[in-house]
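**Q** Okay, structure incoming, though there's no sequence with it:
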């Protein structure tokens with residue numbers, strides 16, 4: 001080492017901006033945290049005014065520039081780890097949401113969302129206008145079946161639905177009788193776990209959508225697919241559902257906070273945490289006044305998994321805590337009551353033909369008796 005110079009390990013950009021009297025301590029702290037790995041040495045000049053000092057400053061700047069890619073790489077790795085650990089991220093966002101829900105900030109957030117939804121509705125008004133073709137296309141005497149994905153479906157003969165008006169949701173295409181039933185309406189919107197937004201879609205998620213596209217294609221044009229409007233750009237970019245009749249919906253503010261005033265599929269539609277909610281509101285818009293629910297077990301509180309007839313949801317957290325399960329179930333039943341009261345005020349009748357389960361908001365009927 002040359003006389004009159006000090007030797008310190010290479011520091012990240014933030015540490016290099018510290019005064020020299022703190023550099024040694026910062027270097028030791030960073031080294032203890034294993035952020036640098038194997039430290040390299042860089043010469044820091046004592047007198048920057050000399051020719052040697054200016055040359056050493058230049059070398060130090062060059063060395064700093066060289067480690068910038070490493071800093072960016074570490075940031076990228078940290079972001080990747082954050083996105084991969086969806087469960088921790090979801091819980092963190094839930095805590096923030098609970099704190100803000102009934103605070104002034106929460107109200108401001110709802111106002112901002114309402115303004116944003118109006119912007120989206122205006123921007124994609126031509127897309128949403130297509131939904132007007134579905135208004136009151138059925139009579140009051142027609143009935144429809146709204147099929148959830150609860151595990152009770154394995155105990156019911158779904159082949160009886162082949163000649164009925166049927167709504168299915170999300171991953172129902174995994175059912176072995178999907179093509180025999182050929183449901184008229186497939187709603188692939190999961191408000192609780194939104195899978196891809198304006199930003200992008202992973203290769204795994206893309207593969208799942210390809211699988212859905214192939215399943216719907218085998219229904220020979222009978223099945224109409226409903227997606228959230230925030231998926232429209234990614235659908236176009238990845239050339240998804242080219243041979244499928246796709247409709248887009250604009251889920252709006254939470255109905256348990258703001259209620260349900262009207263149902264208009266050409267604008268924002270009240271929503272929350274369950275796809276069956278959307279099916280019920282869509283069925284009313286289409287003219288159905290008799291709705292029958294099956295596969296709506298609402299049994300999450302009985303265990304710690306998001307159980308469906310096909311197992312865990314492909315793109316949702318596989319387990320929840322008992323506290324989360326109880327909270328979700330409470331919100332779920334509250335939403336069903338809000339929709340049930342709204343539909344009852346409009347002269348609609350809703351029945352629950354699910355085999356078992358915990359949903360007691362609507363009168364129970366025997367599934368097999370409906371076809372005699």
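**A** That came through, no problem. Predicted, not measured: the structure shown is a model, and the values here were computed from it.
**Q** ok, now which ones touch the residue nearest to residue 148 when sequence neighbours are not counted?
**A** Excluding the flanking residues, the one nearest residue 148 by CB to CB, 6 or more residues apart in numbering is residue 295, at 3.7 Å. To be clear about C-beta, it is placed using only N, CA and C from the backbone, and glycine gets the same treatment. Shown here is residue 295, whose contacts under the criterion CB atoms under 8 Å, 6 or more residues apart in numbering are 147-150, 152-153, 156, 309, 354.
**Q** could you show me where the helices are in the chain, in order?
**A** Along the chain, the stretches classed as helices by DSSP state H are 13-16, 20-32, 51-84, 86-100, 104-123, 125-129, 178-181, 203-217, 232-237, 255-258, 275-286, 322-345.
**Q** okay, how far is it across stretch 189-203, tip to tip?
**A** 19 Å (CA to CA, to the nearest Å).
**Q** Tell me, how many residues neighbour residue 258?
**A** Other residues near residue 258 come to 12 when the count uses other CB atoms under 10 Å.
**Q** so what's it scoring on pLDDT?
**A** Note on residue 258: pLDDT of 74.
**Q** Same check on the one 4 residues further on?
**A** Residue 262 is assigned a predicted lDDT (pLDDT) of 85.
**Q** okay, now it: neighbour count?
**A** When neighbours are counted by other CB under 10 Å, residue 262 comes out with 9.
**Q** That one and residue 141, how far apart?
**A** To residue 141, residue 262 is 23 Å away according to CB to CB, to the nearest Å.
**Q** How about residue 269?
**A** Residue 269 is 25 Å from residue 141, by CB to CB.
**Q** Likewise for residue 323?
**A** Residue 323 is 45 Å from residue 141, by CB to CB.
**Q** Kindly report the same for residue 113.
**A** For residue 113, the distance to residue 141 (CB to CB) stands at 38 Å.
**Q** Name the residue in these two with the higher neighbour count.
**A** The neighbour comparison of residue 113 against residue 141 (other CB under 10 Å) goes to residue 113, with 14 against 9.
**Q** State the pLDDT value of the more buried one.
**A** So, for residue 113, pLDDT stands at 71.
**Q** which helices and strands sit right next to the longest strand belonging to the chain?
**A** Secondary structure assigned by DSSP state E gives strand 245-254 as the longest strand of the chain. Under the contact definition 3 or more CB pairs under 8 Å, 6 or more residues apart in numbering; DSSP states H and E, strand 245-254 sits against helix 104-123, helix 125-129, strand 224-228, strand 268-271, helix 275-286.
**Q** Let me have those in CSV, adding distance to residue 370 as columns.
**A** Shown next, in CSV, are the helices and strands packed on strand 245-254 (distance: least, CB to CB, whole Å):
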stretch, distance to residue 370
helix 104-123, 38
helix 125-129, 34
strand 224-228, 24
strand 268-271, 28
helix 275-286, 16
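**Q** Which of those has the lowest mean pLDDT?
**A** helix 104-123 (a mean of 72).
**Q** outside of the longest strand of the chain, which residues touch it?
**A** So strand 245-254 is contacted by 110, 113-114, 117, 120-121, 124, 127-128, 130-131, 134, 189, 191, 221, 223-229, 231-232, 235, 265, 267-272, 278, 282 (CB under 8 Å, 6+ apart).
**Q** Just the buried subset of those, written out for ChimeraX, thanks.
**A** Typed into ChimeraX, the next command selects the buried ones out of these (criterion: 16 or more other CB atoms under 10 Å):
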select :110,117,120,121,127,128,131,134,189,223,224,225,226,227,228,229,231,232,235,265,267,268,269,270,271,272,278,282
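**Q** for the chain, what are the low-confidence residue spans?
**A** 1-110, 190-202, 253, 272-273, 303-306, 312-319 (pLDDT under 70).
**Q** let's go with 80 and repeat that
**A** Residue ranges of the chain with pLDDT under 80: 1-118, 190-205, 252-259, 271-273, 300-307, 311-325, 327-328.
**Q** Show me it divided up by domain.
**A** As given by automatic domain parsing, the domain ranges for the chain are 6-84, 124-371.
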